[in-house]
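Asker: Whatever this is, show me its structure:
(2 chains)
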Amino acid sequence: MSVGLHVSVDRLGTVNKPLLKALSWSVPPGAVCTLMGPSGVGKSSLLGAIAGTLSIVSDGLTPLIFEGSVYLDGERLDTRPAHERGIGLVTQDPLLFPHLTVAENLAFAMNRHTPKAERTQQVKDALQAANLPAMGQADPSQLSGGERARIALMRALLAKPRALLLDEPFSKLDDSLRQHIREWFFRQVTQRGIPALLVTHDPADVADHSRVIQLHHA
Amino acid sequence: MKGGAASVSMVMPMALTLAIGPVLLTALWLALSPLLANTPWVALWQDPRFADATLHTLWTGTAASLLAWVSAGYLLRSAFIRGQTGRWLNRLPLLLATPHAAMAIAIVLWVAPTGWLLRFTSPWLTGFDTPPFWRTTQDPLGLGLIAALWIKEVPFLCWVAATQLQREDVRRRWQAEFAVAQTMGLTPTAAFNAVVWPQLARVLRWPFIAVLAYGLTVVDLALIIGPTAPPTLAVLAWEWLRDADAVLQAQGVLAAWVLAGLTLLVGASSWRPIIRIAPFGVMGRAIGGGWRLLFMLYAAAWLALLVGGFLGVWPFPNVRPEQWHMGHWGRVWDSAESLWRTVALGLLAATLTVAWLVAWLEWVPHRWQQVMRPLLIAPMILPPLLWAFGLYRVALWGHFEGAWFGMVVAHAIMAMPFALLALESVYRASDPRLQAVTLTLGRHPLQYLLSVKWPLLKRALWSAWAIAFAVSVAQYLPTLYIGAGRFVTVTTEAVAQATAGQRGLMSAYAALQTILPLMAFAVAVMLGRPRRFMKGLP
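Answerer: Residues are numbered from 1 along each chain as shown, chains lettered A, B, ... in the order given. Predicted coordinates:
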């Protein structure tokens, strides 16, 4: 099995109704692969299956079942719990923890055994990279939509994921911000050399030279 | 944590169910056994007081519950329309902290022939130089009992509504629907009655049944302020249960089952109509006054309790006593053990209740929860007499009557439904996406609970804890029975002094009964308040 993210879907859906069938693709390190398709086709569910959070997000609804495999750098991940997969997730809503400051949100993602001085430095660097150096002690609700999106991505990256899933992270941003944030996101992914999977409705979100997979109802 | 808890998926639900289910079911089963004998049925039927006591019970319980229902609806509407739900509903714990028995004692202090009301108006208005021979408390019509129940149950119904309105998603949806209804030409009152009230009333239906059950089956309150000739059926049942004669005891259990039947009968027949009873639709102008009046009534009750404990010689119709003294509080302090026992019981029972409930809501599958929920709610619906009797038999069987373990478990069981009401909907409304994000950050599911979910729910968790503490403090029958007479608490003392007519002592104990839950609510507010972030950042 080659390096990068390799996903193979035999079947994804409820017991009675499949959403996706017979699908397979790979994303090399540092590349962004885009998933597109109509609403309800199962794009977000597919990301949940890859991240290992499918049962959480569908809790209380009809359970979704994933049959297939997820390999990362040759290692099979779909049999592992979500917190052991090393796959980061950034969603449409940035989902910053409202009871923590911006800096604490960032620090939350870091390894607990990292020395304090190093943690502080990494948080500072992340705030700098997000162009928000003075907002460490701020309430997350004080941030604008674009600022929150940048912090959410930095938080996901501070966990040092081996792959990144982006679930429409630009859809709630103003057009004026969107282009800038998008380029910043892709730059971060490329710099870290990790494979990323982007779900979007908007063709403008597709990264240059990015592979696009069009999903259809099964 | 459903996704990450596969390894404990069956062990935890089984352990949680076994920790409480068998106790509840056995208690009910043991309370059922006297139903099989013929003699107690005949004795109950032939008792000359049975029919009148049943009528008294039906009248007082139903009237108080309906009054509470309509009043709560009116208050909720006024708060919702004026956008003051947060303002009023956040203060409800102040009112909930006052136990029923304490409220009854306060009413006695106000309306008794030697009470404050007549002192303030005599002789200049009434012409009385001596107390009149009126039966203003323990009156034959049960009006005092109805008043006490009414005043106590309105905040309870409003508080259950508050647990819904504090959910951001529900509040926003109802506000949007309310606004849309007004754009269709409805007045605010009509819009509330048409779109918000039917949804709110559906949520309040079970709590209404709980109010009804309490009104029909309460013992301590009825002992203090209820009719005496004959008393309510619950008081009669309690008297029979205390008798050494086995037939009379069985008769008492049967009477308690009759009360359960009455609750189900009245509850079932009012199930549909109550939703249609919209809050009064014509009192638009007086809309803000209701909440103030409610808080003023409670303030008057607290004043009477607080002052009542210091009263010395106080001839009628003087408004001020000739003598103030600390004697009553001194006697309370002499038996301080009952105070520490009440506090310790409350702390242990409340902590056990919330810990069990959180584990149950977190780790027990939803379908399993739905099956077991009626059993958890049952202590709020079925007469406390039945639980006291059943749990006592369980305690006898397990040799833990009069022991701390039995007392804590009994109090926790009685507090469970109320804590469940406080916690359940908020707990279920937790955003599962936060869990997904936490796990994808490499954090263990347990860290999600400890660092994200529970800290975010701390207000609801502490609120449920305070409610459970308040319920524990107010327990009368379970304390008497499972405590086997060896557990004297502030509440058992308050009721004992009230029935003995010891005005000063009963006031002091009733004040303590109120102060303890108030302190618990204060702690809950302090520990549950949301974090304050630094202000003035760019």
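Asker: And the helices in chain A, which stretches?
Answerer: A:43-51, A:54-57, A:102-108, A:116-129, A:145-158, A:175-192 (DSSP state H).
Asker: List the contacts of the second one.
Answerer: Spelled out, that is helix A:54-57. Defining contact as CB atoms under 8 Å, 6 or more residues apart in numbering or on different chains, one finds that helix A:54-57 is touched by A:44-45, A:48, A:63-64, A:66, A:82, B:2-3, B:432-433, B:435-436, B:439. Glycine gets a C-beta too; all of them are placed from N, C-alpha and C.
Asker: go on, the fourth one?
Answerer: The contact list for helix A:116-129, computed with CB under 8 Å, 6+ apart, reads A:102-103, A:106-107, A:110, A:114, A:133, A:135-136, A:154-155, A:157-158, A:188.
Asker: Got a ChimeraX select line for the buried ones in those?
Answerer: In ChimeraX, this line selects whichever of the contacts of helix A:116-129 come out buried by 16 or more other CB atoms under 10 Å in any protein chain shown:
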select /A:102,103,106,107,110,135,136,154,155,157,158,188
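Asker: In the contacts of helix A:116-129, find the pair that's most separated.
Answerer: By the measure CB to CB, A:114 and A:135 form the most distant pair in those, at 21.5 Å.
Asker: Tell me how many other residues surround residue 81.
Answerer: Using chain A here. 17 (other CB atoms under 10 Å in any protein chain shown).
Asker: wait, chain B
Answerer: 19.
Asker: For the closest residue to it other than its chain neighbours, which residues are in contact?
Answerer: Of all residues not flanking residue B:81 in the chain, residue B:188 sits nearest, at 4.6 Å (CB to CB, 6 or more residues apart in numbering or on different chains). Residue B:188 sits next to B:81, B:178, B:182 when contact means CB under 8 Å, 6+ apart.
Asker: Over to residue B:376?
Answerer: With CB under 8 Å, 6+ apart, residue B:376 has these contacts: B:20, B:24, B:416-417, B:420.
Asker: Check the gap between it and chain A for me.
Answerer: Note on residue B:376: its distance to chain A, by CB to the nearest CB, to the nearest Å, is 20 Å.
Asker: could you dump the strand or helix carrying that residue to CSV, C-alpha only?
Answerer: Here residue B:376, judged by DSSP states H and E, is contained in helix B:366-381. In CSV, the C-alpha atoms belonging to helix B:366-381 read as follows (Å, rounded to 0.1, in the frame of the first residue of the first chain):
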residue,chain,number,x,y,z
HIS,B,366,-31.5,5.4,24.6
ARG,B,367,-34.0,2.6,24.1
TRP,B,368,-33.1,1.2,27.4
GLN,B,369,-33.5,4.6,29.0
GLN,B,370,-37.0,4.9,27.5
VAL,B,371,-38.0,1.5,29.0
MET,B,372,-36.6,2.4,32.5
ARG,B,373,-37.7,6.0,32.6
PRO,B,374,-41.3,5.4,34.0
LEU,B,375,-39.7,3.5,36.9
LEU,B,376,-37.4,6.4,37.7
ILE,B,377,-40.3,8.9,37.5
ALA,B,378,-42.5,6.7,39.6
PRO,B,379,-41.4,8.1,43.0
MET,B,380,-42.8,11.4,41.8
ILE,B,381,-46.1,10.0,40.7
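Asker: how far out from the middle of the chain is it?
Answerer: From the chain centre to the centre of helix B:366-381 is a distance of 18 Å (CA atoms, centre = their mean, to the nearest Å).
Asker: And the helix or strand bottoming out on mean pLDDT in chain A, what's buried?
Answerer: Lowest mean confidence among the helices and strands of chain A (mean pLDDT, DSSP states H and E): helix A:54-57, at a mean of 82. By neighbour count on 16+ other CB under 10 Å, the buried set for helix A:54-57 is A:54-57.
Asker: want to try TSV for those residues, with distance to residue B:459 as columns?
Answerer: Listed next are the buried residues of helix A:54-57 as TSV, based on distance: CB to CB, whole Å:
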residue	distance to residue B:459
A:54	30
A:55	28
A:56	23
A:57	25
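Asker: residues from chain A in reach of chain B?
Answerer: Neighbours of chain B within chain A, by CB under 8 Å from any CB of the partner chain: A:48, A:51-57, A:59-60, A:81-89, A:91, A:93, A:95, A:97-99, A:101, A:108-109, A:111, A:134-135, A:137-139, A:142, A:155-156, A:159, A:161, A:165.
Asker: can you do 7 Å?
Answerer: Contact residues, chain A versus chain B (CB under 7 Å from any CB of the partner chain): A:51, A:53, A:55-57, A:59-60, A:81-83, A:86-89, A:91, A:95, A:97, A:99, A:101, A:108-109, A:134-135, A:137-139, A:142, A:155-156, A:159.
Asker: ChimeraX command to pick out the buried ones of those?
Answerer: What follows is the ChimeraX syntax selecting those of those that are buried according to 16+ other CB under 10 Å:
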select /A:51,53,55,56,57,59,81,82,83,86,87,88,89,91,95,97,99,101,108,109,135,138,139,142,155,156,159
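Asker: Which of the residues of chain A next to chain B fall within strands?
Answerer: Within the residues of chain A next to chain B, residues falling in strands by DSSP state E are A:87-89.
Asker: contacting residues for residue B:95?
Answerer: With contact set as CB atoms under 7 Å, 6 or more residues apart in numbering or on different chains, residue B:95 has these partners: B:155, B:298.
Asker: do the same with residue A:187
Answerer: Residue A:187 neighbours (CB under 7 Å, 6+ apart): none.
Asker: Also residue A:182?
Answerer: Per CB under 7 Å, 6+ apart, neighbours of residue A:182: A:170, A:205.
Asker: any idea how far chain B is from it?
Answerer: Residue A:182 is 21 Å from chain B, by CB to the nearest CB.
Asker: Of all the residues in stretch B:196-206, which ones are buried?
Answerer: Of the residues in stretch B:196-206, those buried (16+ other CB under 10 Å) are B:196-197, B:200-201, B:204, B:206.
Asker: brain fart, stretch A:205-215
Answerer: For stretch A:205-215, a neighbour-count test (16+ other CB under 10 Å) marks A:205-207, A:213, A:215 as buried.
Asker: Can you name the residues in contact with that stretch?
Answerer: With CB under 7 Å, 6+ apart as the criterion, stretch A:205-215 contacts A:20, A:25, A:32-37, A:41-43, A:170, A:182, A:186, A:198.
Asker: for the longest helix anywhere in chain B, packing partners?
Answerer: Longest helix in chain B by number of residues, with DSSP H as the criterion: helix B:50-81. Applying 3 or more CB pairs under 7 Å, 6 or more residues apart in numbering or on different chains; DSSP states H and E, one finds that helix B:50-81 contacts helix B:85-89, helix B:143-165, helix B:188-191, helix B:197-217, helix B:233-242, helix B:289-308.
Asker: and those helices as a markdown table, adding mean pLDDT?
Answerer: A markdown table is the format used below for those (pLDDT from 0 to 100):
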| stretch | mean pLDDT |
| --- | --- |
| helix B:85-89 | 82 |
| helix B:143-165 | 92 |
| helix B:188-191 | 90 |
| helix B:197-217 | 92 |
| helix B:233-242 | 94 |
| helix B:289-308 | 93 |
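Asker: out of these, nearest to residue B:444?
Answerer: helix B:143-165 (30.4 Å).
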